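J.: okay, sequence plus prediction incoming.
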Amino acid sequence: MTPRRVAEAGGTGGRVGLTALLLVVAAVGMLLLVRAQPDPEPFDPRSEAGSGTRGLVVLLQHEGAEVAVVRSAPDPGGDQRVLVLQDRLNDGQRRDLLAFVEAGGVVVMADPLSSLAGDIGPVATVTDELPAFDGNELAGQINIPLDRCDVAALAHLRGVFVRTGVRFRDTASQACFRDESGSFAVVHQRGEGLIVQLGDNELFTNALLRYADNGPLATALLAPADGSRVDVLLGAEAAKTTADIGSGEDTLSDLVRPGVWMAMAQLAIAFVVFALARAIRPGRPVREPEQVPVAGSELVVATGNLMQRAHHAERAAWLLRGNLHRSLCTQFHLPPTTSIAALDAAVAAHPGARRARWPRCSPRREDQAGLIAQQ
C-alpha cells in the first residue's frame, strides 16, 4: 500500500465522524429554531389570507378603535363592543357573553348559524358570484340593498355584498336591509344591552371587505366613535395560533422531556466511543516498504538486470569504484575531480587509516580510472 493510500484510508473514519457530528448539530439546531407553523383558520383576525379578517382589524384601528383578540367574554359592565365572527363558544362562554349583554354590552354576532340571538331562523338565502371590483361602480356590487332600516346607525349605508348570505324572519322591532322576504341585520334587546345578528360573516373577510358597504357596516357597528374598544372573541373551540403558542415564559429546554435529553446525551457518548474506537489502532505500527523517491528508479533496476544477464562485471566494478570515489570525496570535503592518488593521500592522512596499494593500470585502464574519478 502506498503512503498516499494509507493516508486516505486513515482519513475515512475522520470524515465519517465529522459528517455524523454535523448531522447531530443540524438536528439540534432545527429542534431549537424551527417552530410549527399551523395553517390559519377562516375568520382569523391575524390572518392575511383571503378567508382571514386581518383587513377588518386594520380598518377598525384606522378609524380610531382599540382592537383586541380574546378567547373569553369580557366582564359585565365593560364599555367595549364584542365581535363574534364564528360561533365557537362553549356553554360557559355563552353564559358569560349573555351576562355581558344584559349588563348593557353590545355584541355583533356575524355567524348566521349561531343561536345566541334566539330562534329567529333564516327564511331566505342570497347567493351571488364575486363581481369584478371597481371602486366607482358601487351599485353593481350591491346584492343586498338597504331598503327599509330601523337602525339609525346604519341608515346612511347603501347596501352590502355577500356571496352566500341569509335573511331572517322579520320579527324583531329593529332590523335593517329588510324587504318582504326578511332582514339581513336584526337587532335584539336583551336586558340593558343589544345583540346584532348578521346574515353572513364572510363579508368581513379580506376578500370581500372592500366590496359595497361591507367595510362601513363594520365601522358603524363596532367603531362608531374615535377611541372605541373592540374585542374579537375567538372562543374556546378555536384552534391555537402561533401567537397563543409562544406566549408563555417557559423556554424550549423546559418543554422538552428529560427522556429526550437523555437520548441526546447517549448519542453524544456513543459518538465519542465510536471516534475513540476508530482512532486507536491495536498492535505495533506496521512498517511498509517505502518507494524509491527517484522517478527513474525502475529504469536503474532494469539496467542493472540487463548488465547482470550480459555478464558486464567489469563495467559494474567501474560503477562501484566511481560511487566509492564520490562518497570518499564527499566525506573528506574534496572536489569530485580529485585524482585517485590525491584522494588516497587524504584518506591515509586521516588518523586510523593507511595508504592502499592501487594496482598499476594499463593506459586504457588509466583512462577508465580517470573517467570513474570524474563521475
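T.: In hand now; what should we look at?
J.: show me the strands in this protein, by range?
T.: In the chain, the strands defined using DSSP state E lie at 66-70, 81-84, 106-109, 122-127, 144-145, 159-160, 164-168, 174-179, 182-190, 193-198, 229-233.
J.: compare the ones you listed and say which comes out lowest on pLDDT.
T.: Ranked by mean pLDDT, those bottom out at strand 122-127, with a mean of 84.
J.: neighbouring strands - and their directions - for that strand?
T.: strand 164-168 (antiparallel) (DSSP bridges).
J.: mind checking how far the partner strand is from the chain centre?
T.: Computed by C-alpha atoms, centre = their mean, to the nearest Å, the chain-centroid distance of strand 164-168 equals 44 Å.
J.: could we number from 24 for the rest of this?
T.: All right, first residue 24 from here; so that's strand 187-191.
J.: would you mark the buried spots in it?
T.: For strand 187-191, the neighbour count (16 or more other C-beta atoms under 10 Å) marks G188, V189, R190, F191 as buried. In this view, the C-beta of every residue, glycine as well, is placed from N, C-alpha and C.
J.: just put those residues in CSV and tack on distance to L226.
T.: Putting the buried residues of strand 187-191 into CSV (distance: C-beta to C-beta, whole Å) gives the following:
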residue, distance to L226
G188, 7
V189, 12
R190, 14
F191, 15
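J.: OK, contacts around the nearest residue to D102 once chain neighbours are set aside?
T.: Distance criterion C-beta to C-beta, 6 or more residues apart in numbering; nearest residue to D102, sequence neighbours excluded, is R252 at 6.4 Å. For R252, the contact set (C-beta atoms under 8 Å, 6 or more residues apart in numbering) comprises A88, E89, A91, G101, D102, Q103, R104.
J.: quick check, nearest of the residues you listed to D223?
T.: When the contacts of R252 are compared for distance to D223 (C-beta to C-beta), R104 comes out closest, at 18.9 Å.
J.: domains of this structure?
T.: 87-265, 322-397 (automatic domain parsing).
J.: please name whichever of those domains is nearest to M285.
T.: Checked against C-beta to C-beta, the stretch from the domains of the chain lying closest is domain 87-265, at 28.6 Å.
J.: mind checking how far the closest one is from the chain centre?
T.: Distance of domain 87-265 from the chain centroid (C-alpha atoms, centre = their mean) equals 40 Å.
J.: also stretch 72-88?
T.: 29 Å.
J.: give me the contact list for that stretch.
T.: 63, 65-71, 90, 92, 108, 227-230, 232-233, 238, 241-242, 245-246, 248-253, 255.
J.: what residues sit buried inside it?
T.: G75, T76, R77, G78, L79, V80, L82, L83, E86, A88.
J.: likewise stretch 98-107?
T.: For stretch 98-107, by 16+ other C-beta under 10 Å, it's P99, Q103, R104, V105, L106, V107.
J.: turn those into JSON lines, including distance to V149.
T.: Formatted as JSON lines, these follow (distance: C-beta to C-beta, whole Å):
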{"residue": "P99", "distance to V149": "35"}
{"residue": "Q103", "distance to V149": "31"}
{"residue": "R104", "distance to V149": "26"}
{"residue": "V105", "distance to V149": "26"}
{"residue": "L106", "distance to V149": "21"}
{"residue": "V107", "distance to V149": "21"}
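J.: hmm, back to that, distance-wise, check the residue nearest to D102 relative to S350.
T.: Using C-beta to C-beta, to the nearest Å, R252 is found at 105 Å from S350.
J.: do A43 as well
T.: Look at A43 and S350: by C-beta to C-beta, they are 55 Å apart.
J.: in terms of neighbours, single out the busier of the two.
T.: Neighbour count, other C-beta atoms under 10 Å: between A43 and S350, A43 has more, with 15 against 10.
J.: so how do I select the buried members of the contacts of stretch 72-88 in PyMOL?
T.: For the buried members of the contacts of stretch 72-88, the matching PyMOL selection, counting by 16+ other C-beta under 10 Å, is:
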select buried, resi 63+66+67+68+69+70+90+92+108+227+228+229+232+238+241+242+245+246+251+252+253+255
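J.: show me the contacts of stretch 72-88 that map onto helices.
T.: Secondary structure defined by DSSP state H assigns G238, A241, T242, L245 of those to helices.
J.: which parts of the chain are helices?
T.: 26-56, 77-85, 114-125, 237-245, 265-268, 275-278, 281-302, 320-332, 336-354, 363-372, 386-397.
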